[in-house]
Each structure stands twice: as C-alpha cells, then as structure tokens.
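Q: Quick one, structure for this:
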Amino acid sequence: MFSPAIATQPLSEDFTSEADWLLPIVRVAWRSADDPDFDLDIWQSELIRRMLETYPPGHPREGELRYRQVVVSMGRQQGKSVIGAILGLWGLLRGPGQSIVGIASSAEQARILYDRTMLVIRRNPSLAERFAKLTDTRGIRAKDGGKYEIKAAKSSALQGIPINVGLCDELHLMPPALWSDMVNGTSSKRNGIVIGITTAGDENSELLKNLYEVGMKAAGGDPAFERFGFYVWEAPDAKVPDDEATLREYLLAANPALAAGRIDMDNVLSDVRAMPPTDVIRYRLNRFVAGSAQFITPLMWSKCARPFGDHLTLDGARPVFAVDRTPDWGHATIAVGVKRADGITDTEIVASMVKPSLEQLVAICTELSKHSPQAFLVDGYSLRDLGVELKKRGIPVSIATQGDVISASALAYSKIARQELRHSSDPLLSIQFPRTVRKNVGEAFRISRKDSSVEIDGVMATILAIYGAETRLEQSLQVF
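A: Coordinates of the predicted model:
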C-alpha cells in the first residue's frame, strides 16, 4: 500500500515511468547479488515508479522525466539506502555517458548508497561486464562512458560539473548551497534530476525547511511546481502520544516499512521507550523538532533514586571516577560509576568543590585512587592538565573526547529512561539535571553547557562516570 501523508500526484492513474523497465532488472540483480528472497515492498516499488514518472505519449515532452527535483522523507531505518542504491544503478543503466553524483553531510554517509550499488554490480556477472572499473575511491565507471562518483559536501567540489542524476542523502544536515549546486549541474541535461532522501530535521535544517515549503506547493497542485516531486511519511502531530494505541498509529504513518510488516512493531516500541521524546518525534515520527530541548525531566531522575537507607557498594567491582569543572573554575565535581552484576549502574557524587585549584583536584583524586579504579575520566579540553598530573603518579587516566560526551549523553538517557540507574539523590544533581539542555549534533545529541540554564559540572561528571562504568573504558576511551 502506498500511503504517504503528503504526496504529489501522478499525471494520470496509468502514468508511464522509467521504473517499468528498471524494477524487473532490480529484482533479478538484487536476488542474485544480495538476497535470493529479495523483493521490494509495495510502497518502495510504487515510490520508485512515481519518482521516475515520465510524460505520456502525445505530450510535448513525451518520454522525458516529469520531475527534475524529488524529495522523499520518512522515519529512520525504512530502507532508504536500498532505494538510493537502486536509483544509482538506474542512473548508470539509463544511457551512455551518464554522470551520477552522490553527496551527503559526510563522505561516509554518501558511501552507503554508493557501496550498495557497487556491491550489486560486482556480484552480478551480467551487470559487472558492463563496467570497466569498480573502485572504492575513483568511482564506478561504465564501458559506455557513464560514471558514479561521490563528491565532497562543499560547493567547490560541484562547481561546473554536469550531472544527469544527483543523489543527496539526509537533507536535514546539508547546507542549502549544495542542493542548488546539484540542481545547477543538471540544468543543461534534458533528463537531469536531483533526488534527496531524508528524515525530518530541526529548526536549523534550513535546506530541508525550504524544500518542504516548495514540496507542499507541489503536493497542493500548484502548476508552477509540476516538476517537483514530494513524498512524506509522517505522524499526524509532532508529539509522542501517551497511549500505546495512538503511538502505534503514529508510527505506522511515519514508517512505511513498519506498515508493510517488514519491521517488527514490538521491537520499535521497545526502542522508543528508551529514546528521548525529541528523538522519537524526529526519527520515528518524522516530524521537525527544536534544535535543543530538556535532557531529562525531574520525574525521570527521581524514579532512579536509590531507596532510602541504601548505599553504593563496590562488592569487589572496580569503580570509575569522572571529574568535571565549570569553565571559570568556579566549581568542580567528582562522580563515581559502578556497573553491578544485575546490569544496574550505581552512581553518586563523591566530591563537590568551590573554586578548586589543580592541586586540590590532584590531591582528592590521589586519595580516591585507593579504591583501585579502572580509571579517572577527565575532559580532554578543560582538564588535560589534571590527567597529566595523575598519570605522573601512576594513576590510570582516560581522556574523554566530544565523541565520548555524545555517546555518554545517549547512554545516560537510555539508562535513566529504562530505570537501569541508581543514584543517591544528591541535591546538586536534583537541581542540575532538570535544567540541563540537550542539543542536536548531526544525527546524535549531547548535553550542552552553553544552552543549559545552570552550571552542569555535576551532570557532566555523572554521565561520564556512567559511560565509563558501562563501557569498561578500554573499548571506547583513549587511555594514556
């Protein structure tokens, strides 16, 4: 069933499409190269047909692609990369000398579509014999002169390049200039097309917001935008319903693979329960969100409180200590994290200081080292000097990067949401946690000092202690 919430309509019910010759080839190629049981969902086949709609016989543009720009938006993990790979193959097969260009917010993201296209060609002898080169870095080269290349996500890499098919992944992370450069690259091509596949964005997703505005006009039947294709699967509202029945309806509306039965609803619901509401709305319900939001609520934090009279005990486990300070050295906090055998992570603040000196921090950490910690975690930007001093004393130290903070933010949220954390109701954290703000960073998020309404040294120390205890350090963190 083809049921996007918003869609441009075909010129007629029996419209013609280049997908009519493409899809039979796709089924054979993917089955022989990737999966003998492969088949597209009905919605995928219909989407590709509509994206590649052509003007019908008798039209002045007979046989030409109707759309010169197409935007597709849906929830995460719905099979967008398969659709993108099929379109890459279509571009290479549609005629001699075709130029297919793939871009995304990062080269790694752009390679997802490219690599899947290359894999199918390599594993299918009938397709492989049509190509002269298949390389990871220099592109797919067809014997008829066609090529598929990945370009850097910057305007200078696209200037002056003629493009027959432009493939753009995750538009919510892409600057507006790149889309314009791709469209300009197709301007001299009678059958040129730029296709973007994405999930929803936030208030900073300027390009995607602009494309949605154009797409809404196209879907509304504005003749000025007849050559703009727009297909969006999204929930009716940008909120997480309280009742499960409504939540299921919202998820089905935004996730066509889920509606088709290819993805298990119970697994999705389990994942959603451990996700921040902002991420559920954006990635599962495919609706726009604010660029920043509250990290956790007071109720979520209070539900993880250790029962009165209970205390954190090591029981032979080696703890992890994490240290954080405010930017002005006004305050510093040391937190401990311990992973229990039952999967629960225990944490509490072990020291909180006003206007600490480096010497004081070193002294306290040296005293805590009697507990044989796995390591002390320190921020690589603000407390590297502390790490150096502890290392001189033979104390194990790990440097936390920005990537670690991003991972720690997501892990801490999940542990708190699932109530797999126990804390001692430290007054400092009861103040700081509800006022801590998370900020979107590409496809992820991290807690943000700048956007929070109070200092969050206690929160930062705590989430790093949780992260260190949970990951056992050596797998993720730079130990020196």
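
Q: so where do the helices sit in the stretch 201-350 of the chain?
A: 206-219, 244-254, 256-259, 265-273, 277-279, 298-302 (DSSP state H, counting those that start in this stretch).

Q: Can you tell me the element the residue lying farthest from the centre of the chain falls in?
A: When distances to the mean C-alpha position of the chain are computed (Cα atoms, centre = their mean), the maximum falls on residue 58, with 44.5 Å. Assigning secondary structure by DSSP states H and E places residue 58 outside every helix and strand.

Q: circling back: can I get the helices of the stretch 201-350 of the chain in CSV with mean pLDDT?
A: What follows is the helices of the stretch 201-350 of the chain, written out as CSV (pLDDT from 0 to 100):
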stretch, mean pLDDT
helix 206-219, 95
helix 244-254, 95
helix 256-259, 94
helix 265-273, 92
helix 277-279, 91
helix 298-302, 91
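
Q: Quick check: which of the ones you listed is nearest to residue 28?
A: helix 256-259 (22.1 Å; Cβ to Cβ). Quick note: C-beta positions are derived from backbone N, CA and C, even for glycine.

Q: List the buried residues of the closest one.
A: 256, 257, 258, 259 (16 or more other Cβ atoms under 10 Å).

Q: hmm, back to that, so who does the residue farthest from the centre of the chain touch?
A: When the contact criterion is Cβ atoms under 8 Å, 6 or more residues apart in numbering, residue 58 has no partners at all.

Q: do the one 5 residues further on as well
A: Residue 63 is in contact with 16, 54, 55, counting by Cβ under 8 Å, 6+ apart.

Q: Then residue 329?
A: Residue 329 neighbours (Cβ under 8 Å, 6+ apart): 355, 356.

Q: same deal with residue 117?
A: Contacts of residue 117 by Cβ under 8 Å, 6+ apart are 85, 88, 89, 92, 140, 148.

Q: And residue 436, how far from residue 99?
A: In this view, residue 436 and residue 99 are 48 Å apart by Cβ to Cβ, to the nearest Å.

Q: So, low pLDDT: which residues of this protein?
A: 33-35, 105-107, 109-110, 133-138, 157, 472-480 (pLDDT under 70).

Q: Using the record's domain definitions, break it down for me.
A: 6-232, 244-290, 298-479 (automatic domain parsing).

Q: could those domains be laid out in JSON lines, adding distance to residue 238?
A: Shown next, in JSON lines, are these (distance: least, Cβ to Cβ, whole Å):
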{"stretch": "domain 6-232", "distance to residue 238": "9"}
{"stretch": "domain 244-290", "distance to residue 238": "4"}
{"stretch": "domain 298-479", "distance to residue 238": "15"}
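
Q: What's the separation between the nearest residue to residue 189 once chain neighbours are set aside and residue 85?
A: Spatial nearest neighbour of residue 189, chain neighbours left out: residue 164 (5.3 Å); criterion: Cβ to Cβ, 6 or more residues apart in numbering. Distance, residue 164 to residue 85, by Cβ to Cβ: 17 Å.

Q: Kindly format the C-alpha coordinates of stretch 450-457 as PDB.
A: Once non-C-alpha atoms are left out, stretch 450-457 reads as follows in PDB (Å, rounded to 0.1, in the frame of the first residue of the first chain):
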ATOM      1  CA  LYS A 450      26.100  26.800  26.800                       C
ATOM      2  CA  ASP A 451      22.300  26.100  26.400                       C
ATOM      3  CA  SER A 452      21.700  24.900  30.000                       C
ATOM      4  CA  SER A 453      20.300  27.400  32.500                       C
ATOM      5  CA  VAL A 454      22.700  26.400  35.300                       C
ATOM      6  CA  GLU A 455      26.200  25.100  35.600                       C
ATOM      7  CA  ILE A 456      26.200  21.400  34.900                       C
ATOM      8  CA  ASP A 457      29.500  20.100  36.200                       C
END
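
Q: Next, the buried residues of that stretch.
A: Quick answer for stretch 450-457 (16+ other Cβ under 10 Å): 452, 454, 455, 456, 457.

Q: Same question for stretch 367-387.
A: Quick answer for stretch 367-387 (16+ other Cβ under 10 Å): 368-369, 373-380, 382-383, 386-387.

Q: Among these, which are located in helices?
A: Using DSSP state H, the members of these that fall in helices are 368, 386, 387.

Q: With distance to residue 209 and secondary structure as new columns, can the buried residues of stretch 450-457 be given to me in CSV?
A: Compiled in CSV, the buried residues of stretch 450-457 are given as follows (distance: Cβ to Cβ, whole Å; DSSP: H, G, I helix; E, B strand; the rest coil):
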residue, distance to residue 209, secondary structure
452, 26, coil
454, 31, coil
455, 33, coil
456, 30, coil
457, 35, helix
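
Q: List phi and psi for residue 197.
A: phi -120, psi 130 (degrees, to the nearest 10).

Q: Who are the contact partners of it?
A: Taking Cβ under 8 Å, 6+ apart, we find residue 197 in contact with 72, 73, 80, 83, 84, 167, 168, 169, 170, 171.

Q: just the contacts of residue 117 now: which is nearest residue 429?
A: Nearest member of the contacts of residue 117 to residue 429, counting by Cβ to Cβ, is residue 85, at 46.5 Å.

Q: Leaving out chain neighbours, which residue sits closest to that closest one?
A: residue 116 (3.6 Å).

Q: Going by neighbour count, which residues in stretch 225-236 are buried?
A: Across stretch 225-236, burial judged by 16+ other Cβ under 10 Å covers 225, 227, 228, 229, 230, 231, 232, 233, 234, 235.

Q: still on that earlier bit, taking the contacts of residue 63 one by one, which sit in strands?
A: Among the contacts of residue 63, the ones falling in strands (DSSP state E) are 16, 54.

Q: Let me have the contacts of residue 63 in CSV, extended by neighbour count.
A: Shown next, in CSV, are the contacts of residue 63 (neighbours: other Cβ atoms under 10 Å):
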residue, neighbour count
16, 20
54, 21
55, 16
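
Q: Let me have the contacts of residue 63 in a markdown table, extended by distance to residue 463.
A: Shown next, in a markdown table, are those (distance: Cβ to Cβ, whole Å):
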| residue | distance to residue 463 |
| --- | --- |
| 16 | 55 |
| 54 | 53 |
| 55 | 56 |
